[in-house]
Structure formats: C-alpha cells, structure tokens
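[1] Show me the folded form of this:
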Amino acid sequence: LKASMSTQEWCGQTFKDLRWEGGHLKLSYNSYWEGEAAGEVRIAVPGGITLLYDELPLALRSDEMREKGDVHVFPLLMSSQVKRPDWDIFGESRTPDFESGRLSTQTTPIRIGGREYRAFRTTLSLQRGKKTLRDVYYFDAESPNRTFLRWERHDGSVLNLEKIAFVPYWQMNKNGDTLD
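    This is a model prediction of the structure:
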C-alpha cells in the first residue's frame, strides 16, 4: 500500500505519504499548520477489512464489497491538515487512526439527471467517539462498471453525477480535437 497527497492553498502547502511498513502503516507528513510541521506517525492496522476513506467511491462499487459488514476506515488524506480533516477544521485535534465502521447495502430506485436508475445504496456508518457518521453511496446496479451516481456525505454535502460522456479517447490525440 502506498497513498500520497499534496495540497496547496493561499497560506501554505501540505504533503502526506502513507505506506505499509513492517506490519503497520507509516504516515509521513509536512504541513504548514501550527503544531503539525514535519512528522511521522506509526499506525497499527486492525484485523479484518481495512479501507482508506479516499478510496471508498472506487472500492465500494465492487461486487465483493457489497455485504462485507464490519470494516475499519482510515481518515481522509485529501485534507490540508494532518490532525483534522478540512470539513472539521475547528473540531478536535486527533492523531490519524482507523475508525470502526459498518457497511450495509440495499437496492433502491434513484433519479439522477432526469433518469431513473436501479441503484445499490451502500451506507457506511463510522463510529467516532459517541458520534455515528454516515456516508451513503449510490452505484448503478445494472451497469457492469457500477457507475458512481451519488454520494451523500456525513458533513451534509451531496455529489450527484451530472452526465456520462463516451468519447473516442484514443482517436482524440491531435491539437484541436474537441468533444463537440
């Protein structure tokens, strides 16, 4: 396993690198946030199914993940801070670690972009202290690649598929080629 992330914004840059190393994960980071600077954290990997929050939209579309039940999820890497995700910038500082969660999937109809789909609705419930955080993912149940249709995040944000464009990618290789 290796995952890395960098972010730049008006006040600084952050870089994170997560690697499998000798039976645990090693998170190395460089952050402009006060109290974070440069550092390294070793993280014990729990038994069972472990996932990165960043990979969930891809991993959960696979048929093998549909009824896995208990999982352990590592927090979002795509964040300018190391000890708080950007959506929780004023929340409690915490050392990144796996959080226990549960996956459940149901089949449900959903309307996206004026079209009706039969979707797999996969709910991830994560325990953070006394709080339960829920993310809900919708994947097209009839598409062989399980097109990602919608994501209802625990912070209240919602992402919807706007359109799908099938283009002759390999024939579009000259200056001026467009998607007219």
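[2] Can you tell me the SS state at L58?
    Under DSSP: H, G, I helix; E, B strand; the rest coil, L58 falls in the helix class.
[3] Report the contact partners of the spatially most central residue of the chain.
    Among the residues of the chain, the one closest to the centroid is D54, at 2.7 Å (C-alpha atoms, centre = their mean). D54 makes contact with 3, 5, 76-78, according to C-beta atoms under 8 Å, 6 or more residues apart in numbering. (Glycine included, C-beta is placed from N, CA and C.)
[4] what about the strands in this protein?
    2-9, 12-21, 24-31, 38-44, 50-52, 70-74, 99-112, 115-128, 131-140, 148-152, 158-160 (DSSP state E).
[5] Save the ones you listed as TSV, and put in distance to L60 too.
    Formatted as TSV, these follow (distance: least, C-beta to C-beta, whole Å):
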stretch	distance to L60
strand 2-9	17
strand 12-21	19
strand 24-31	21
strand 38-44	22
strand 50-52	8
strand 70-74	10
strand 99-112	7
strand 115-128	5
strand 131-140	5
strand 148-152	9
strand 158-160	14
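[6] Mean neighbour count added to the ones you listed, as a markdown table?
    Output for these, formatted as a markdown table (neighbours: other C-beta atoms under 10 Å):
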| stretch | mean neighbour count |
| --- | --- |
| strand 2-9 | 13 |
| strand 12-21 | 15 |
| strand 24-31 | 18 |
| strand 38-44 | 12 |
| strand 50-52 | 17 |
| strand 70-74 | 19 |
| strand 99-112 | 15 |
| strand 115-128 | 17 |
| strand 131-140 | 17 |
| strand 148-152 | 18 |
| strand 158-160 | 11 |
